[in-house]
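Asks: Next comes the sequence, and after it the predicted model I'd like to discuss.
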Amino acid sequence: MRISIGGIILLDLIHRAASLGAHYGDLGVLPRADAITLSGNKFFISLHMISGLPLVQGIIFLTAGVFAVMLMIGYRTRLAAIASWVLLLSLQARNPMVLQGADIVLRITLFWMLFLPTSSRWSLDRILGRIPKPRTLYIVSVATFAYLIQIGVFYLFTGILKTGTPWHDGTALYYALSVDQLVRHFGRFILSHPVLSSALTHFTINLETYGAALFFIPWKRGFFQMVGVLLFAIFQVGANISFHLGLFGPIAIAATLGILPPYFWDSVVAPLRKKIAARGTTGLAIYFDGNCGFCKEMVLVIKKIMFLSPGTITETASSESGTLSLLQEKNSWVVRNASGHEFFGFRALREVFRHSPVFFWIAYPMQLPGVRDIGEWIYGRIAQSRLQICLPEDISPLTETVTARIFRMGKNVLIIFLTVYVVLLNVGTAGVRIIPRNMEWIALTTRLDQSFNMFAPAPLTDDGWYVIPGVLADGREINLFKNGPMLSKPGFFPVSYAKPDALARMYPDQRWQKYLMNIAEKEHSEYRMDYGKYLCRTWNAHHERSEKLLTFKMIFMLEQTPPPGTPERSAQPMTLWQHRCFENIPPPAPRNVAPPTNQIP
């Protein structure tokens with residue numbers, strides 16, 4: 001779970017970076033001053049507010065990426081998890097208009113990871129001996145129980161909140177899959193088969209409402225937990241190939257990986273790994289310094305993660321006198337292939353990659369001159385400090401001190417309190433308020449605030465698309481939205497109100513789709529002016545005086561989904577916003593050109 005969550009954070013940062021200036025800069029769609037004024041929440045603290053310059057935002061993004069990589073590899077895991085959590089909350093607080101349900105699941109999963117022993121397996125902290133080896137495969141604690149409760153609450157209330165009639169008469173997926181902004185090709189296939197759509201509707205609400213009970217069955221616990229995780233994983237994969245949901249599916253799957261029992265890794269993953277490893281190239285031998293527990297652990301980890309052949313030899317260099325001399329002379333591990341050729345340093349690592357049946361392709365870029373030189377330099381630095389990081393093969397846990405015992409008990413009390421708090425918080429989303437308002441600051445400060453109302457109480461029946469007719473200085477009227485939300489597509493597109501062939505392709509990604517759907521809602525109308533200013537700045541910065549944008553309208557073509565079996569309704573234009581890019585400059589009259597037949601008069 002640690003590796004997958006770290007990878008998702010990194011992937012999320014990469015996706016967000018494509019709109020770095022637009023979403024997080026002062027010249028974007030939400031300047032810092034307006035973000036503070038419009039959010040109106042003093043508990044949302046954001047380090048991203050320190051500057052509106054894209055360069056500074058990029059540095060913060062890069063810092064978050066470094067901590068995400070540290071979390072993935074398990075290096076100083078506790079620090080990496082805390083820093084990743086703080087920076088994630090900061091990022092989400094900077095522009096709430098681009099957030100979606102996946103962001104809630106990611107931040108609460110990362111929060112509970114702060115209390116879990118996520119570095120106990122497959123981590124550099126474990127290899128370096130910073131933490132003791134776990135005594136049992138099953139780790140049971142107050143924190144693991146709290147994490148299990150959170151996952152159960154997530155799915156349970158996702159189902160409970162689906163109280164609308166469509167979820168009980170079998171038409172919910174019909175309405176959800178009729179939202180053209182979200183649907184994929186596979187979703188259209190389901191939509192074209194009403195019986196299948198109805199069956200999947202009932203399956204969805206029943207799985208969400210009752211499926212999490214599998215995690216708490218005491219009899220054959222490991223088996224039922226594995227079945228539950230796999231069922232929800234299949235469900236999320238199906239949802240993500242039917243809808244454009246961004247990272248929701250991967251995040252929801254990653255959040256449940258910590259529930260998988262040792263039974264799964266022993267009975268499913270281990271045999272699969274052996275089958276893959278059996279396809280690897282044979283004849284490889286790896287020799288390391290026998291006096292270095294770190295070296296031994298690293299070699300064993302490399303053998304596992306690279307799926308090297310079971311016949312791969314991993315021995316101490318002292319087992320062969322000649323090999324030991326080479327190790328001491330080169331100050332490096334020794335890798336020997338089937339032909340008897342010996343490799344050292346970074347070249348040895350490349351040879352190991354070359355023998356991997358999964359990662360063999362990485363060996364090709366590793367031989368490039370620049371990559372090779374950097375790799376050799378890094379390996380040289382590690383080799384020089386090897387004696388400082390060589391640790392015993394195992395570290396037994398020290399006797400718990402009184403202070404440590406008091407800290408552990410205090411932490412457990414806090415976890416129990418927050419677990420109960422989260423349960424009551426979700427009960428409140430179902431209409432039964434238990435937590436008093438003067439205690440809501442706890443959820444807002446920790447960002448444990450959560451409401452799993454995806455497609456609840458019923459799927460939306462509103463769909464539509466944007467048309468932004470703008471008037472240029474030379475009198476031409478164009479549709480700005482055809483240039484994309486960021487105006488990144490060059491050209492002067494005529495105004496047309498006809499429905500686009502693929503609504504989902506109008507948006508660069510799910511962040512932009514969510515942002516534009518949010519500002520289309522009445523409750524977020526205050527955010528429209530900033531988007532208008534952004535369009536003016538962006539367009540006019542790249543066009544000559546005669547092509548400057550003077551005025552435009554933001555029109556949303558509202559299309560409502562009719563009940564099953566009834567004719568489609570024509571879209572109705574809704575003028576959301578009118579904007580003037582310049583003051584004291586009257587806009588010229590549009591050219592006297594006959595409007596297209598599909599244009600609204």
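Replies: Great, that's in hand.
Asks: going forward, measure contacts between C-alpha atoms and count neighbours the same way
Replies: Will do.
Asks: can you list the domains in this protein?
Replies: 1-98, 462-580 (automatic domain parsing).
Asks: mind putting these in TSV, mean neighbour count, distance to L230 and mean pLDDT included?
Replies: Shown next, in TSV, are those (neighbours: other C-alpha atoms under 10 Å; distance: least, C-alpha to C-alpha, whole Å; pLDDT from 0 to 100):
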stretch	mean neighbour count	distance to L230	mean pLDDT
domain 1-98	19	14	92
domain 462-580	17	26	92
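Asks: And the spatially closest residue to E559 that is not a sequence neighbour, its phi and psi?
Replies: Using C-alpha to C-alpha, 6 or more residues apart in numbering and skipping the chain neighbours, the partner closest in space to E559 is A571 (4.4 Å). Main-chain torsions, A571, degrees, to the nearest 10: phi -70, psi 150.
Asks: from what I can see A571 touches D462, true?
Replies: No - taking C-alpha atoms under 8 Å as the definition, A571 is not a contact partner of D462, at 10.2 Å.
Asks: neighbouring contacts of the lengthiest strand in the chain?
Replies: Criterion DSSP state E: the longest strand present in the chain is strand 549-560. Contacts with strand 549-560, where a contact means C-alpha atoms under 8 Å, 6 or more residues apart in numbering, come from 461-473, 497, 520, 536, 539-540, 569-582, 587.
Asks: quick revisit: who's in contact with the residue nearest to E559?
Replies: By C-alpha under 8 Å, 6+ apart, the contact list for A571 reads 464, 557-560.
Asks: The longest helix seen in the chain - contacts with which helices or strands?
Replies: With secondary structure taken from DSSP state H, the chain has its longest helix at helix 402-429. Contacting helix 402-429 under the criterion 3 or more C-alpha pairs under 8 Å, 6 or more residues apart in numbering; DSSP states H and E are the following elements: helix 142-160.
Asks: Show me which parts of whichever helix or strand comes after the helix it packs on are buried, residue by residue.
Replies: For helix 142-160, the succeeding helix or strand toward the C-terminus, using DSSP states H and E, is helix 165-169. Buried residues in helix 165-169, counted by 16 or more other C-alpha atoms under 10 Å: 166-167.
Asks: Quick one: distance of helix 165-169 to the chain centre.
Replies: Distance of helix 165-169 from the chain centroid (C-alpha atoms, centre = their mean, to the nearest Å) equals 31 Å.
Asks: Dump it to PDB, keeping only the CA atoms.
Replies: The C-alpha trace of helix 165-169 is given here as PDB (Å, rounded to 0.1, in the frame of the first residue of the first chain):
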ATOM      1  CA  THR A 165     -35.300   6.200  -6.600                       C
ATOM      2  CA  PRO A 166     -33.000   5.400  -9.600                       C
ATOM      3  CA  TRP A 167     -30.800   3.200  -7.400                       C
ATOM      4  CA  HIS A 168     -33.700   1.100  -6.300                       C
ATOM      5  CA  ASP A 169     -35.600   0.800  -9.600                       C
END
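Asks: Which helix or strand lies directly C-terminal to it?
Replies: Later in the chain than helix 165-169, the nearest helix or strand by DSSP H and E is helix 172-177.
Asks: Dump that following helix to CSV, restricted to CA.
Replies: In CSV, the C-alpha atoms belonging to helix 172-177 read as follows (Å, rounded to 0.1, in the frame of the first residue of the first chain):
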residue,chain,number,x,y,z
ALA,A,172,-29.2,4.7,-11.9
LEU,A,173,-26.6,3.5,-14.3
TYR,A,174,-28.8,4.6,-17.2
TYR,A,175,-28.7,8.2,-15.9
ALA,A,176,-25.0,8.1,-14.9
LEU,A,177,-23.9,6.7,-18.2
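Asks: Mean confidence (pLDDT) on it, please.
Replies: Per-region confidence: helix 172-177 scores 96 on mean pLDDT.
Asks: Show me what that helix is packed up against.
Replies: Partner elements for helix 172-177 (3+ C-alpha pairs under 8 Å, 6+ apart): helix 185-191, helix 194-210.
Asks: Those helices: which one's closest to G484?
Replies: helix 185-191 (22.1 Å; C-alpha to C-alpha).
Asks: Identify the residues contacting that closest one?
Replies: Contacts for helix 185-191 (C-alpha under 8 Å, 6+ apart): 173-174, 177-178, 196-197, 241-243.
Asks: With stretch 465-484 instead?
Replies: For stretch 465-484, using C-alpha under 8 Å, 6+ apart, the contacting residues are 487, 489-497, 499-500, 503, 506-508, 545-558, 587-591.
Asks: Restrict it to CA atoms and write it as PDB.
Replies: Output of stretch 465-484 as PDB, limited to C-alpha atoms (Å, rounded to 0.1, in the frame of the first residue of the first chain):
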ATOM      1  CA  TRP A 465     -21.200  21.700 -22.800                       C
ATOM      2  CA  TYR A 466     -19.600  25.200 -22.900                       C
ATOM      3  CA  VAL A 467     -19.800  27.700 -25.600                       C
ATOM      4  CA  ILE A 468     -17.800  31.000 -25.100                       C
ATOM      5  CA  PRO A 469     -18.500  33.400 -27.900                       C
ATOM      6  CA  GLY A 470     -16.000  36.300 -27.800                       C
ATOM      7  CA  VAL A 471     -15.700  39.500 -29.800                       C
ATOM      8  CA  LEU A 472     -12.200  40.500 -31.000                       C
ATOM      9  CA  ALA A 473     -11.000  44.000 -31.700                       C
ATOM     10  CA  ASP A 474     -11.400  43.600 -35.500                       C
ATOM     11  CA  GLY A 475     -15.100  42.600 -35.000                       C
ATOM     12  CA  ARG A 476     -14.700  38.900 -35.500                       C
ATOM     13  CA  GLU A 477     -16.800  36.600 -33.200                       C
ATOM     14  CA  ILE A 478     -15.200  33.300 -32.200                       C
ATOM     15  CA  ASN A 479     -15.800  30.400 -29.900                       C
ATOM     16  CA  LEU A 480     -13.000  30.600 -27.300                       C
ATOM     17  CA  PHE A 481     -13.900  27.300 -25.700                       C
ATOM     18  CA  LYS A 482     -12.900  25.500 -29.000                       C
ATOM     19  CA  ASN A 483      -9.300  26.600 -28.100                       C
ATOM     20  CA  GLY A 484      -9.600  24.600 -24.900                       C
END
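Asks: Just give me how far that stretch sits from the chain centre.
Replies: So, by C-alpha atoms, centre = their mean, the centroid of stretch 465-484 is 34 Å from its chain's centroid.
Asks: got it, and stretch 230-247?
Replies: That offset, for stretch 230-247, works out to 14 Å (C-alpha atoms, centre = their mean).
Asks: Contacts for that stretch next, please.
Replies: So stretch 230-247 is contacted by 8, 12, 102, 177, 181-188, 248-250, 252-253, 504, 509-510 (C-alpha under 8 Å, 6+ apart).
Asks: Kindly report the same for stretch 497-507.
Replies: 180-183, 244, 465, 467, 482, 484-485, 513, 557, 598-600.
Asks: so which of those comes closest to G380?
Replies: H244 (46.1 Å).
Asks: Ends of stretch 89-108, what's the gap?
Replies: 10 Å (C-alpha to C-alpha, to the nearest Å).
Asks: no, scratch that, I was asking about stretch 558-571
Replies: End to end - C-alpha to C-alpha - stretch 558-571 spans 5 Å.
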